[in-house]
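>>> after the sequence you'll find the predicted model.
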Amino acid sequence: MGYLEGFAVTLRQMFRPRVTIPYPDVKRPKPERFHGRHVLGRYEDGMEKCIGCELCAGVCPARCIYVRGADNPPDDPVSPGERYGFVYEVNYLRCIHCDLCVEACPTEAITESKLFEFSFTDRRDAIYTKTELLVDDEGHPRHLPWEDWRAGDDEHTSAWMRATSPSGVAAYEGRVAWSGELGYGVRAPEEGQTAERRDPQTTETPEATDAG
């Protein structure tokens, strides 16, 4: 009777809705916190967020990031600080997309997009430089010839990180803690850690809330 049970499974599946998607013409929506290709952002005034501190390179377990900082030119600063990222490289032959670099960045300069479909015919193309990682003058990631960007792949690049409150304190939920980005402005905070909804524009600290 074993083979009859096998045929029964096949027959049941024949009448169920198909879940196959005609890839690559149609793609499934990616999770909001998907870890894809890196992006170096700018502030809303166009200045670069990266200050060349090398913390991302230091925390990277795969040693795929190389950063060198340089002093900002006094007459034409690149970033709002003393230094900026003069050299920034990510080797995608090593990267494991753990996003520890995003966690470590003090200025929220490096984030990850939802793009994961890119391949290389030359190993040298797998080493992305600052020219390729830095967003353009409108704040959008640069589309390289071997990348298959789709609508929405560049949106909410930092969403996965903003969902986690500082030190795990749920009282920070709903607070705008991410700096404004060129082309996108200040993005709305996420909800979901608690059932209580808070005003995103409140400036009240959790300590003050608890005290009241």
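That came through fine.
>>> what's in contact with whatever helix or strand residue 68 lives in?
Using DSSP states H and E, residue 68 falls within strand 65-71. For strand 65-71, the surrounding residues in contact (CB atoms under 8 Å, 6 or more residues apart in numbering) are 50-54, 56-57, 82-91, 101. To be clear about C-beta, it is placed using only N, CA and C from the backbone, and glycine gets the same treatment.
>>> how about 6 Å then?
The contact list for strand 65-71, computed with CB atoms under 6 Å, 6 or more residues apart in numbering, reads 52, 54, 56, 57, 83, 85, 86, 87, 88, 89, 90.
>>> mind giving me the packing neighbours of the helix or strand hosting the third one?
Counting by DSSP H and E, the element that carries residue 56 is helix 55-59. Counting contacts by 3 or more CB pairs under 6 Å, 6 or more residues apart in numbering; DSSP states H and E, the secondary-structure elements packed against helix 55-59 are strand 65-71, helix 100-104.
>>> distance between stretch 44-55 and the chain's centre?
15 Å (CA atoms, centre = their mean, to the nearest Å).
>>> now do the buried residues in it.
48, 49, 50, 51, 52, 53, 54, 55 (16 or more other CB atoms under 10 Å).
>>> list the residues that contact the closest residue in space to residue 78 that isn't next to it in sequence.
Among residues not flanking residue 78 along the chain, residue 84 sits closest, at 3.9 Å (CB to CB, 6 or more residues apart in numbering). Listed by CB under 6 Å, 6+ apart, the contact set of residue 84 reads 48, 52, 72, 78.
>>> reformat those residues as JSON lines; add distance to residue 114.
Supplementary listing: these in JSON lines, determined by distance: CB to CB, whole Å:
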{"residue": "48", "distance to residue 114": "22"}
{"residue": "52", "distance to residue 114": "27"}
{"residue": "72", "distance to residue 114": "32"}
{"residue": "78", "distance to residue 114": "27"}
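>>> measure residue 15 to residue 24 for me?
Taking CB to CB, to the nearest Å as the measure, residue 15 falls 28 Å from residue 24.
>>> sheet partners, orientation included, of the lengthiest strand in the chain?
Looking across the chain with DSSP state E, the single longest strand is strand 83-91. Here strand 83-91 is paired, per DSSP bridges, with strand 65-71 (antiparallel), strand 127-128 (antiparallel).
>>> looking at those, which is buried most?
strand 127-128 (a mean of 18; mean count of other CB atoms under 10 Å).
>>> tell me what the residue nearest to residue 78 is bridged to.
residue 70.
>>> tell me what the residue nearest the centre of the chain is bridged to.
By CA atoms, centre = their mean, the chain has its centre lying nearest to residue 112, at 2.4 Å. For residue 112, the beta-bridge partners are residue 38 (DSSP bridges).
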